[in-house]
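Enquirer: Quick one: sequence plus predicted model below, questions after.
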Amino acid sequence: MLYSYSFSNRKRDLSDILSTVIKDEPRFISNFRRGEDATQRKHEWLEDQISGRSVTAVSVASSAVTVSTSDAAKLKVGTLLVVRNDSALFQVTAISGTAATLSLVSANGSAKTMPAASDVLNLVANPVAEGSNSGDGDETGIVGSCEYNTTQIFRKDIILSGSALAVNIFGSADNQLNRQTSFALGELARDMNRVALFGRRVEAASGVRGEAGGLYLFGTATGALSVNASSAAISSLLVNDAAQKIMGEGGDPAQILCSPGQARVLSCEYRDNLQILRSDDRRGAYVAVVVNEINGRGMTIMADPDVPDTDVWVLDPACFSLANLSGRAIADEDATPAGFDGIKRTALGELTFVFKNVKQRCCRIKAVQASATSLAALA
């Protein structure tokens, strides 16, 4: 080797440094916390049981309310329910298949005597008798359904020519390599962000390169949650509709993922309610948090330039994690060939993305009006 540096014969684990770079990136990839390592190129996980605390009445006949099969599993004899936006309290007295017989147990000042078709009924409680047995309580745990993603190899080659080393603007070879490694990891984070959004799922085989699936693959699959904006401008009403769907499935909506333009549209919605005080040294209206009108919690706006401008996602970030293939976390090592005029190092790793219960924790608001059109109308 013509040029030497302090870690020339060392393999460096860059996963912690990459985690720091990702955390500082204001992009979708920053939601992915470090999870358990994958042991196979096809990484499988069991879905959690996060049943929502509400059911929807499909039809009503006399005192019997018919619900979906998944909603029927949430009910027991004795379960207490209230119709959303009403105070009347009902109790389940019998269950037969997907039909639940209800009895009005407390009017609570309401004139409602029975739910109507399409009413959403919130579960109040499941009172348990003294000396209860196993199975009398609400069940939660791991469900039998299994989902998977496949690993993808990421590689960045870091090259410093002999001329660049001789100029020595950034100090020693160590400093220059660390600087170029930092640039490479920044590029890697942006590449990973796009894969986490748009990647397709391809399992590696002979002559086939493995590819990891992303949010659009999992979040638009059959059974996933969605709201059709029908070319309307994004608004807190649409965001709260999506948040309500997630909460109905048992998720906790905490983030709004959109393009920078749509983030500006959401901010402009509140501009008439903002005040500029005499003591302020900044002006402009920007809202970074939208209040979830169902539970009163804030949902943070994340403006990611990689997100299509006509889509907005409401997310429960608890479903995202990053799984390195065991022993294959991002690391760099010397790759300088004999006689090369300079230094080469390779940052290489294999990983995948976990989307646990994504069909219950993420909701896509599709067909949103382009932000440029919305902003022009607001100007």
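Expert: The structure has been received and is ready for your questions.

Enquirer: hey, let's count contacts and neighbours off CA atoms from now on
Expert: OK.

Enquirer: For this structure, name the helix or strand with the lowest mean pLDDT.
Expert: strand 289-291 (a mean of 71; mean pLDDT, DSSP states H and E).

Enquirer: Quick one: list the elements packing against it.
Expert: strand 298-303 (3 or more Cα pairs under 8 Å, 6 or more residues apart in numbering; DSSP states H and E).

Enquirer: How far does the strand it packs on sit from its chain's centre?
Expert: Its chain's average C-alpha position is 12 Å from that of strand 298-303, according to Cα atoms, centre = their mean, to the nearest Å.

Enquirer: That strand pairs with which strands, and in what direction?
Expert: strand 255-258 (parallel), strand 289-291 (antiparallel) (DSSP bridges).

Enquirer: so can I have JSON lines of the ones you listed showing distance to Asn240 and mean neighbour count?
Expert: Below are those laid out as JSON lines (distance: least, Cα to Cα, whole Å; neighbours: other Cα atoms under 10 Å):
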{"stretch": "strand 255-258", "distance to Asn240": "10", "mean neighbour count": "24"}
{"stretch": "strand 289-291", "distance to Asn240": "9", "mean neighbour count": "18"}
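
Enquirer: In a markdown table, list those strands along with distance to Asp309.
Expert: Formatted as a markdown table, these follow (distance: least, Cα to Cα, whole Å):
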| stretch | distance to Asp309 |
| --- | --- |
| strand 255-258 | 7 |
| strand 289-291 | 19 |
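
Enquirer: Which positions are bridged to Ile159 in the beta structure?
Expert: Counting by DSSP bridges, the residues bridging with Ile159 are Lys344.

Enquirer: what comes into contact with stretch 47-57?
Expert: 65-68, 71-72, 74, 115-123, 140-147, 247-251, 356-357 (Cα atoms under 8 Å, 6 or more residues apart in numbering).

Enquirer: right, and the strands paired with strand 298-303 - which one's nearest Lys344?
Expert: strand 255-258 (37.7 Å; Cα to Cα).

Enquirer: Pull out the buried residues from the contacts of stretch 47-57.
Expert: Buried residues within the contacts of stretch 47-57, counting neighbours by 16 or more other Cα atoms under 10 Å: 65-67, 71-72, 74, 115-116, 119-123, 247-251, 356-357.

Enquirer: And the strands in the stretch 201-350 of the chain, which stretches?
Expert: Taking DSSP state E, counting those that start in this stretch, the strands of the stretch 201-350 of the chain run over residues 225-228, 255-258, 289-291, 298-303, 312-315, 320-324, 331-334, 342-355.

Enquirer: May I see these arranged in a markdown table, with distance to Ser54 as well?
Expert: Listed next are the strands of the stretch 201-350 of the chain as a markdown table, based on distance: least, Cα to Cα, whole Å:
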| stretch | distance to Ser54 |
| --- | --- |
| strand 225-228 | 16 |
| strand 255-258 | 22 |
| strand 289-291 | 21 |
| strand 298-303 | 21 |
| strand 312-315 | 19 |
| strand 320-324 | 24 |
| strand 331-334 | 47 |
| strand 342-355 | 24 |
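
Enquirer: Where among these is average confidence lowest?
Expert: Note on those: lowest mean pLDDT is at strand 289-291, with a mean of 71.

Enquirer: thinking again about what came up before, comparing the strands of the stretch 201-350 of the chain, which comes out most buried?
Expert: strand 312-315 (a mean of 27; mean count of other Cα atoms under 10 Å).

Enquirer: What strands line up against that strand, and which way round?
Expert: strand 255-258 (antiparallel), strand 362-366 (antiparallel).

Enquirer: right, and those - which one's nearest Ala88?
Expert: strand 362-366 (30.2 Å).

Enquirer: measure stretch 48-56 end to end?
Expert: 22 Å (Cα to Cα, to the nearest Å).

Enquirer: My guess is Leu351 contacts Arg155. True?
Expert: No - using Cα atoms under 8 Å, Leu351 makes no contact with Arg155, being 11.3 Å away.

Enquirer: Overlap in contacts, the two.
Expert: Joint contacts of Leu351 and Arg155 (Cα under 8 Å, 6+ apart) do not exist.

Enquirer: Can you give the distance of stretch 363-379 from its chain's centre?
Expert: 21 Å.

Enquirer: go on, stretch 304-312?
Expert: With Cα atoms, centre = their mean, you get 14 Å for stretch 304-312.

Enquirer: what's the answer for stretch 213-226, then?
Expert: 11 Å.

Enquirer: Could you do stretch 29-48 as well?
Expert: For stretch 29-48, the distance to the chain centre is 13 Å (Cα atoms, centre = their mean).

Enquirer: before we move on, what about stretch 325-345?
Expert: 33 Å.

Enquirer: what about it, start to end distance?
Expert: Start-to-end, stretch 325-345 (Cα to Cα) is 21 Å.

Enquirer: quick one: contacts of that stretch?
Expert: 1-3, 8-15, 18, 37-41, 151, 157-163, 165, 346-352.

Enquirer: ok, now with 7 Å
Expert: With contacts defined as Cα atoms under 7 Å, 6 or more residues apart in numbering, stretch 325-345 is touched by 1, 3, 8-15, 37-40, 157-162, 346-351.

Enquirer: The longest helix belonging to the chain to strand 320-324, inter-axis angle?
Expert: As assigned by DSSP state H, the longest helix anywhere in the chain is helix 173-198. Relative orientation of helix 173-198 and strand 320-324, computed by axes from the mean of the first three to the mean of the last three Cα atoms, to 10 degrees: 130 degrees.
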